[in-house]
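S.K.: got a predicted structure here, sequence first:
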Amino acid sequence: MSSFNAGRYAGVNSSDFSKLVLASAGFDAHWLDPLARLQLTLRGYEQLTHSLLDIAARHCGGRLVLCLDGGYYLVAARDVAMRYPTVADAQRAGYHLVGGGFGPGSGAHYIGFRGFGSFDPANPPTLIYDGISPTSQIVGLMYLGGGATAPEGFAGPNDHWHRHSNVCLRGTDSLFPADSDVTAAQCAAAGGNFMAITTWMVHAWVVPGWESSQGVFSHENPNLRCADGTFNTDAIGRCQGS
């Protein structure tokens, strides 16, 4: 338990109290913390935050300041990534290849049709690999989020969420490059399903040895190249033969 001590000086009155709620948002209670062993989940932190919002709304006009003292989002993301070291592990867990192959800079995406609700770094919808063979290695994760605006996601301002437009899929295979000028009619003629705009998404390059020089949340990872060491692709944006 933590305590809050609010000093008062002589002459204060009721108007001087409850100007705002200031919370030190530490993570000692997180389930990954090695000392406290309190096992608080991300859902638990969400509930605590809603409680603080309610207190602030009742007592000080909704003024709430959260000072981030630490965090385990990236630790939790790295931990879950290492549970699926190869494509074979991902497939056994129910993940399936989407997009049809491996693209330089972005890797091969395996989607598990999970984690589509509230953001949870320990429950990524998509795993990213350095190829599509059963022994291909995990390199990162991708998170998804709905809504008109990007999700809050990871703590801090650095997780730059993005969306793609004009996506045409037949099942989980891309028929045209994302963000191209393909129309719904062209997609239908090719036997695909047209998506004018995708859900929000962000990559997280959290796997040791596969850190991106452009940042942990960069859209592309320059370490991910085709088998011949180049970024040469076919018309869809995949490496030749992937």
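M.R.: Great, that's in hand. Keep in mind that what you see is a predicted model, and the values were worked out from it rather than measured. Numbers count the residues shown, from 1 in each chain.

S.K.: pretty sure Gly192 contacts Leu175?
M.R.: Yes. Between Gly192 and Leu175 there is a contact at 4.5 Å, judged by CB atoms under 8 Å. Just so you know, the C-beta spots here come from the backbone N, C-alpha and C atoms, and that holds for glycine as well.

S.K.: what are the structural domain limits within the protein?
M.R.: The record assigns the chain these domain ranges, following automatic domain parsing: 14-71, 74-163+199-204.

S.K.: deepest of those domains, which one?
M.R.: domain 74-163+199-204 (a mean of 18; mean count of other CB atoms under 10 Å).

S.K.: and what about Arg58, helix, strand or coil?
M.R.: helix (DSSP: H, G, I helix; E, B strand; the rest coil).

S.K.: likewise for the one 3 residues further on?
M.R.: The three-state assignment at Gly61 reads coil, by three-state DSSP.

S.K.: for it, give me the pLDDT.
M.R.: According to the prediction, Gly61 has pLDDT 87.

S.K.: look up phi and psi at the residue positioned nearest the centre of the chain.
M.R.: Ranked by distance to the mean C-alpha position of the chain (CA atoms, centre = their mean), the top residue is Tyr143 at 3.3 Å. Phi and psi for Tyr143, reported as degrees, to the nearest 10, are phi -110, psi 150.

S.K.: how about Ala77?
M.R.: Note on Ala77: backbone dihedrals following degrees, to the nearest 10 are phi -60, psi -40.

S.K.: I'd say it and Ala204 touch.
M.R.: Yes. With contact defined as CB under 8 Å, Ala77 counts as touching Ala204 (5.3 Å).

S.K.: so which bits of stretch 174-188 are buried?
M.R.: For stretch 174-188, burial by neighbour count (16 or more other CB atoms under 10 Å) applies to 174-178, 180, 182, 186-187.

S.K.: now name the helix or strand holding Gln214.
M.R.: Under DSSP states H and E, no helix or strand contains Gln214.

S.K.: for it, what are its contacts?
M.R.: Contact partners of Gln214, counting by CB atoms under 8 Å, 6 or more residues apart in numbering, are 220-222.

S.K.: now the buried members of the residues you listed.
M.R.: For the contacts of Gln214, a neighbour count by 16+ other CB under 10 Å gives the buried set as 220-221.

S.K.: ok, the contacts of Gln214 vs Ala108, which is closest?
M.R.: Of all the contacts of Gln214, Ala108 sits closest to Asn221, with 12.2 Å by CB to CB.

S.K.: identify the residue spatially nearest to that closest one, adjacent ones excluded.
M.R.: Counting by CB to CB, 6 or more residues apart in numbering, Asn221 lies nearest to Ser212, which is 4.1 Å off, once chain neighbours are set aside.

S.K.: state the pLDDT value of the one you found.
M.R.: What the model reports for Ser212 is a pLDDT of 95.

S.K.: now name the helix or strand holding it.
M.R.: Under the criterion DSSP H and E, no helix or strand holds Ser212.

S.K.: make 349 the first number, not 1, from now on.
M.R.: Let's use 349 as the start, then, which means that last one is Ser560.

S.K.: my guess is Lys367 meets Gly409, correct?
M.R.: No. Judged on CB under 8 Å, Lys367 makes no contact with Gly409 at a distance of 9.0 Å.

S.K.: what about stretch 518-534, how long is it end to end?
M.R.: 13 Å (CA to CA, to the nearest Å).

S.K.: before we move on, the earlier item: need the buried residues of stretch 522-536 in JSON lines (columns: distance to His398).
M.R.: Converted to JSON lines, the buried residues of stretch 522-536 look like this (distance: CB to CB, whole Å):
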{"residue": "Ser522", "distance to His398": "39"}
{"residue": "Leu523", "distance to His398": "43"}
{"residue": "Phe524", "distance to His398": "43"}
{"residue": "Pro525", "distance to His398": "42"}
{"residue": "Ala526", "distance to His398": "36"}
{"residue": "Ser528", "distance to His398": "42"}
{"residue": "Val530", "distance to His398": "43"}
{"residue": "Gln534", "distance to His398": "46"}
{"residue": "Cys535", "distance to His398": "42"}
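
S.K.: since that was my last question, I'll sign off now.
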